Every structure is written in structure tokens, then in C-alpha cells.
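Undergrad: Here is a sequence together with a model predicted from it:
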Amino acid sequence: MWLRKVILSMVTSLDGFVEKKNRDISWHVWDEEMQAYMDDFLDGVDTLLYGRRSYEMMIEYWPEAEKNERNSEEHRAFARKMNTLRKVVFSHTLNAVTWNARIVKENIEDEILAMKQQEGKDIVLLAGPTLASTLIRHNVIDEYRVIVNPVVLGEGQPLFQARPRAIELVSTRTFHCGNVLLVYQTSKV
């Protein structure tokens, strides 16, 4: 029995892309309601999972976002949360990490299964379609939270590069900005 869930939570376009070329995510539709949802969601997790590229992208932004006085207090508070959470970076090439992180170089499936058996809050993958595909192939994701934005990109990096095992829709939520949250759990079959 698992004490913790592994949740994949990513923003996608209507046509299923998580990034445009050059890792561009400037198209994300976001407002105060989305921010409140994400604040509440992160209260239920204590570990963030990243691949190398996503880790590098996130560490470029979040530590400075907390200090940037041009950001709203709400955004700085969210940045504090992002900066405080533990991170696990899956990478064969990195030799050192900062930002409350540790590196896992191999045995991804074993590492995730061991983490799921530890006490604590849930574990979430917020960015990184390549790592998402790896976790999907290893069947270690318990819940998918797909935030569909009302945007059609036409090309880019797709979320689903690997096919998940059977999943079941358990809830939906619409946001005033046009986003729709789809929550799926992996079927026990």
C-alpha cells in the first residue's frame, strides 16, 4: 500500500502540447483563480520531480521571483512555496544541484516506488514531458491533473509521448479564464 501518490500536473494546449518551440510557455492562461487553485494544490505536496531541463528552467525563475518586488505579494508567497519544497532531479548529466534538490541518476522506477512508501505528502511532476513519459512507461503515476488552456498551438512538445495505463476521469473543474482541469486516476484493473 502506498502512503503517497505521484501526481502528474501539467498545463496543455487544447491540442495537447505543453511547450512551443524553444521551451516557450508564455502562452499559458493564468489568473488569480488559477493561482489560488495551484496554491491549494501545492499545500498537499512536499516533493517536486524534475528532469534536468525543467529543473534548469525552474531554478532560473523561482528563486528570483521570490525576491522581485515587482511581483505581487501573492506571487512572491507562491515563489517561497516553490523554493521551500523538496526537489528530486532525475538526470544522467548533472553532478550537482541546489535549490533544496537532490539528484537521482538511475533506477527511476525504484526511486519513485521507494518515495511512495515513505511517509509524507504527495509527490508532483509539474514540468517536463520527457520525464513524464518515463514515469508513464514505468507505471508509477497515480493521478493525472491536466489543465487544458483555451489555446491551440499547432505544434510543440506533446504531453503524452507515452501511453498511460488505463485511467479514469474522477473530476473536472472549469475556471473563469477558460481553463479546464481534468483529474484522472489510474485504474486498479
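TA: Thanks, I have the structure now.
Undergrad: What sits closest to the residue most central in space within the chain if chain neighbours are left out?
TA: Closest to where the C-alpha atoms of the chain average out (CA atoms, centre = their mean) is residue 126, at 0.9 Å. The shortest distance from residue 126 to any non-neighbouring residue, by CB to CB, 6 or more residues apart in numbering, is to residue 9 (5.6 Å). Using the backbone N, CA and C atoms, a C-beta is placed for each residue, glycine as well.
Undergrad: Residue 101 too?
TA: Once flanking residues are discounted, residue 101 sits nearest to residue 87: 3.7 Å by CB to CB, 6+ apart.
Undergrad: where does the residue lying closest to residue 25 once chain neighbours are set aside fall, phi/psi-wise?
TA: Leaving out its chain neighbours, the residue that sits closest to residue 25 by CB to CB, 6+ apart is residue 19, at 5.8 Å. The phi and psi values for residue 19, taken as degrees, to the nearest 10, are phi -150, psi 150.
Undergrad: Show me the beta-bridge partners of residue 19.
TA: With DSSP bridges applied, residue 19 shows beta-bridge pairing to residue 157.
Undergrad: could you list every residue that touches it?
TA: Taking CB atoms under 8 Å, 6 or more residues apart in numbering, we find residue 19 in contact with 25, 129, 156-157.
Undergrad: for residue 128, same thing?
TA: Here residue 128 is in contact with 49-51, 53-54 (CB under 8 Å, 6+ apart).
Undergrad: And the furthest pair within the contacts of residue 19?
TA: The largest distance within the contacts of residue 19, taken as CB to CB, falls between 25 and 129 and amounts to 11.5 Å.
Undergrad: higher neighbour count, those two?
TA: residue 129 (25 against 13; other CB atoms under 10 Å).
Undergrad: Pretty sure the more buried one sits against residue 16.
TA: No - between residue 129 and residue 16 there is no contact under CB atoms under 8 Å: 10.2 Å.
Undergrad: Now do the shared contacts for these two.
TA: 158-159.
Undergrad: What is the longest helix belonging to the chain packed up against?
TA: Ranked by residue count under DSSP state H, the longest helix found in the chain is helix 52-67. Helix 52-67 sits against helix 73-84, strand 86-90, with contacts defined as 3 or more CB pairs under 8 Å, 6 or more residues apart in numbering; DSSP states H and E.
Undergrad: Can you dump the C-alpha atoms of the first one in PDB for me?
TA: Provided in PDB are the C-alpha atoms of helix 73-84 (Å, rounded to 0.1, in the frame of the first residue of the first chain):
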ATOM      1  CA  GLU A  73       2.900  39.500  -2.600                       C
ATOM      2  CA  GLU A  74       0.700  36.500  -3.700                       C
ATOM      3  CA  HIS A  75       3.200  35.600  -6.400                       C
ATOM      4  CA  ARG A  76       6.200  36.100  -4.000                       C
ATOM      5  CA  ALA A  77       4.400  33.800  -1.500                       C
ATOM      6  CA  PHE A  78       3.900  31.200  -4.200                       C
ATOM      7  CA  ALA A  79       7.600  31.500  -5.100                       C
ATOM      8  CA  ARG A  80       8.500  30.900  -1.400                       C
ATOM      9  CA  LYS A  81       6.500  27.800  -1.500                       C
ATOM     10  CA  MET A  82       8.200  26.600  -4.700                       C
ATOM     11  CA  ASN A  83      11.600  27.400  -3.300                       C
ATOM     12  CA  THR A  84      10.900  25.600   0.000                       C
END
